[in-house]
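**Q** I would like the atomic coordinates for the input below:
(one chain, ligands or ions: 2)
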Amino acid sequence: MKNRTAYLVEPGKFEIKETEMPACKEDDVLVKVKHMGICGSDVMFYQDPTVGGALDTRLPIILGHECAGIVVETGKNVTRFHPGDAVALEPGVPCGTCAYCLSGKYNLCPDVNFMAAPPWKTGAMQIYLAHPAAFTFPLPKQMDTIEGALIEPLAVGMHAAARAQAEPGKSVLILGAGCIGLMTLLACKNRGVSDITVVDLFENRLKKARELGAAHVINGKEKDTMEEVRRMTEKRGMDIVFETAGSAATARQIPYLVKAGGKAVMVGNVHGKTPMDLFEMNGKEADLLSVFRYRNIFPTAIASVASGNIPLKTMVSDFFSFEQAEEAFAYALKEKQTAWKVMITF
Ligand SMILES: [Zn+2]
Ligand SMILES: [Zn+2]
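**A** Ligands and ions are numbered 1, 2, ... in the order given. Next up, the predicted model:
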């Protein structure tokens with residue numbers, strides 16, 4: 001049996017090559033990948049693997065980290081899985097022995113091997129993947145591998161919502177209605193929050209946010225977000241503000257949007273330095289939190305989707321085949337504003 005792997009050989013160019021089958025070690029499962037979602041980070045590396053010289057990336061690399069598939073083989077220590085099981089893969093495998101790992105905050109492990117991220121050990125754009133069983137999660141019967149592949153971005157939203165302690169009765173403001181903004185919306189809804197306002201510059205994204213259960217939307221191109229929030233909350237601000245747009249312009253607004261005693265969570269990656277009115281934050285005794293990926297959340301995410309609480313599949317906008325990898329990425333880049341999630345079918 002041979003594997004096939006899609007390598008990014010130069011910016012914007014993939015080559016699919018026949019490769020050796022990965023070794024299924026004693027604690028691993030060998031998975032035949034069925035679906036993979038293209039993440040914003042994948043598109044960023046596809047365009048510019050070194051991210052403007054910030055990373056020492058040597059090509060070729062393998063992209064993709066949002067994936068699910070079918071178990072075809074199990075290592076000799078693995079009893080939880082059997083060939084034929086549908087599974088979602090958690091793409092970050094930490095060392096398991098450092099202080100962060102032992103405390104449960106394994107997302108902060110300095111030696112984590114995360115698919116399609118430095119140090120570029122592996123990626124999902126292959127037919128077969130060997131993966132530790134401990135970071136492999138079974139999908140119940142009512143879920144398919146399309147939903148399985150979407151568990152990873154949902155986990156980002158769920159971790160952010162958990163950090164913010166989003167709960168019924170709280171007012172939530174989400175800045176940005178891209179994939180992660182919408183996943184944060186779904187995660188807050190799943191925690192029973194109903195008072196959710198979403199801000200974006202594009203009408204089609206706001207329409208999607210409404211469909212997914214946002215109570216209010218603000219088009220930041222037409223209205224002044226800060227003024228609108230002041231008006232909506234009788235000048236008090238929101239209990240919880242999520243920045244998911246990854247933009248300095250929205251991040252700077254946080255101190256004026258959050259309520260006294262509230263929480264703001266940085267979910268989007270804002271590159272460079274962002275001047276922020278910290279005096280305003282102090283006066284409000286508001287918490288500024290950040291999130292890095294997620295931890296210990298795949299089982300909860302899968303159970304929430306299985307229960308029917310999260311219409312995850314509606315996040316997929318387009319499908320491409322594995323052979324169309326290059327086309328799929330070019331499309332995801334070009335249609336950034338409308339393609340919530342481009343999915344590759346293997
Ligand atoms: Zn992702
Ligand atoms: Zn560790």
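
**Q** use CA for all of it now, contacts and neighbours both
**A** OK.

**Q** which residues does residue 119 contact?
**A** residue 113 (CA atoms under 8 Å, 6 or more residues apart in numbering).

**Q** again, only this time at 7 Å
**A** Residues counted as contacts of residue 119 (CA atoms under 7 Å, 6 or more residues apart in numbering): none.

**Q** Please tell me how far the closest residue to ligand 2 within the stretch 201-346 of the chain sits from residue 60.
**A** The minimum distance from the stretch 201-346 of the chain to ligand 2, using CA to the ion, falls at residue 295 (12.4 Å). Residue 295 sits 29 Å away from residue 60, going by CA to CA, to the nearest Å.

**Q** ok, back up a step: quick check, the residue of the stretch 201-346 of the chain closest to ligand 2 in contact with residue 108.
**A** No - taking contacts as CA atoms under 7 Å, residue 295 lies outside contact range of residue 108: 9.0 Å.

**Q** Count the residues that sit near residue 213.
**A** Neighbour count for residue 213, taken as other CA atoms under 10 Å: 17.

**Q** Measure how buried residue 330 is and give me the count.
**A** 17.

**Q** residues contacting it?
**A** Applying CA under 7 Å, 6+ apart, no residues qualify as near residue 330.

**Q** does it count as helix, strand or coil?
**A** helix (DSSP: H, G, I helix; E, B strand; the rest coil).

**Q** Could you point out the helix or strand that follows the strand or helix carrying residue 148?
**A** In the assignment (DSSP states H and E), residue 148 maps to helix 145-163. Moving toward the C-terminus from helix 145-163, the next helix or strand (DSSP H and E) is strand 171-175.

**Q** tell me what the helix holding residue 148 is packed against?
**A** Judged by 3 or more CA pairs under 7 Å, 6 or more residues apart in numbering; DSSP states H and E, the packing partners of helix 145-163 are strand 28-37, strand 66-74, strand 86-89, helix 179-190, helix 298-306.

**Q** want to throw these into TSV with mean pLDDT?
**A** Shown next, in TSV, are the helices and strands packed on helix 145-163 (pLDDT from 0 to 100):
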stretch	mean pLDDT
strand 28-37	98
strand 66-74	98
strand 86-89	98
helix 179-190	97
helix 298-306	98
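
**Q** Mean neighbour count added to those, as a markdown table?
**A** Putting the helices and strands packed on helix 145-163 into a markdown table (neighbours: other CA atoms under 10 Å) gives the following:
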| stretch | mean neighbour count |
| --- | --- |
| strand 28-37 | 26 |
| strand 66-74 | 25 |
| strand 86-89 | 27 |
| helix 179-190 | 26 |
| helix 298-306 | 19 |
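
**Q** Distance to residue 245 for the ones you listed - can I get that in TSV?
**A** Listed next are these as TSV, based on distance: least, CA to CA, whole Å:
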stretch	distance to residue 245
strand 28-37	19
strand 66-74	20
strand 86-89	26
helix 179-190	7
helix 298-306	22
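
**Q** a markdown table for those, including distance to ligand 2?
**A** Shown next, in a markdown table, are these (distance: least, CA to the ion, whole Å):
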| stretch | distance to ligand 2 |
| --- | --- |
| strand 28-37 | 18 |
| strand 66-74 | 21 |
| strand 86-89 | 18 |
| helix 179-190 | 26 |
| helix 298-306 | 18 |
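
**Q** So which of these is nearest residue 328?
**A** Evaluated with CA to CA, the helices and strands packed on helix 145-163 place strand 28-37 nearest to residue 328, the distance being 10.3 Å.

**Q** ok, now how distant is residue 327 from residue 283?
**A** 50 Å.

**Q** And for residue 66?
**A** 40 Å.

**Q** quick one: contacts for residue 71?
**A** Residue 71 neighbours (CA under 7 Å, 6+ apart): 29-32, 82-86.

**Q** Spatially nearest residue to it (excluding sequence neighbours)?
**A** residue 31 (4.4 Å; CA to CA, 6 or more residues apart in numbering).

**Q** Is that neighbour in contact with residue 69, as I believe?
**A** Yes - contact status for residue 31 versus residue 69: in contact at 6.0 Å, counting by CA under 7 Å.

**Q** which residues are in contact with stretch 178-191?
**A** Here stretch 178-191 has contacts from 153-154, 157-158, 161, 166-167, 174, 209, 244, 309-310, 340-341, using CA under 7 Å, 6+ apart.

**Q** show me where this structure has helices.
**A** Counting by DSSP state H, the chain has helices at residues 40-47, 99-103, 145-163, 179-190, 203-211, 225-232, 248-251, 254-257, 278-284, 298-306, 325-334.

**Q** Show me the one of those helices that comes nearest residue 318.
**A** Comparing the helices of the chain by CA to CA, helix 325-334 comes nearest, at 8.7 Å.

**Q** and the closest one, how far from the chain's centre?
**A** 18 Å (CA atoms, centre = their mean, to the nearest Å).

**Q** between that helix and helix 40-47, what angle do the directions make?
**A** Going by axes from the mean of the first three to the mean of the last three CA atoms, to 10 degrees, helix 325-334 is angled at 110 degrees with respect to helix 40-47.

**Q** With only the CA atoms kept, save helix 325-334 in PDB.
**A** What follows is helix 325-334 as a C-alpha-only set of coordinates in PDB (Å, rounded to 0.1, in the frame of the first residue of the first chain):
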ATOM      1  CA  ALA A 325      -6.100  21.000  -3.700                       C
ATOM      2  CA  GLU A 326      -4.500  23.900  -5.600                       C
ATOM      3  CA  GLU A 327      -7.900  25.000  -7.000                       C
ATOM      4  CA  ALA A 328      -9.500  24.700  -3.500                       C
ATOM      5  CA  PHE A 329      -6.800  26.900  -1.900                       C
ATOM      6  CA  ALA A 330      -6.900  29.500  -4.700                       C
ATOM      7  CA  TYR A 331     -10.700  29.600  -4.300                       C
ATOM      8  CA  ALA A 332     -10.500  29.900  -0.500                       C
ATOM      9  CA  LEU A 333      -8.100  32.800  -0.900                       C
ATOM     10  CA  LYS A 334     -10.100  34.600  -3.600                       C
END
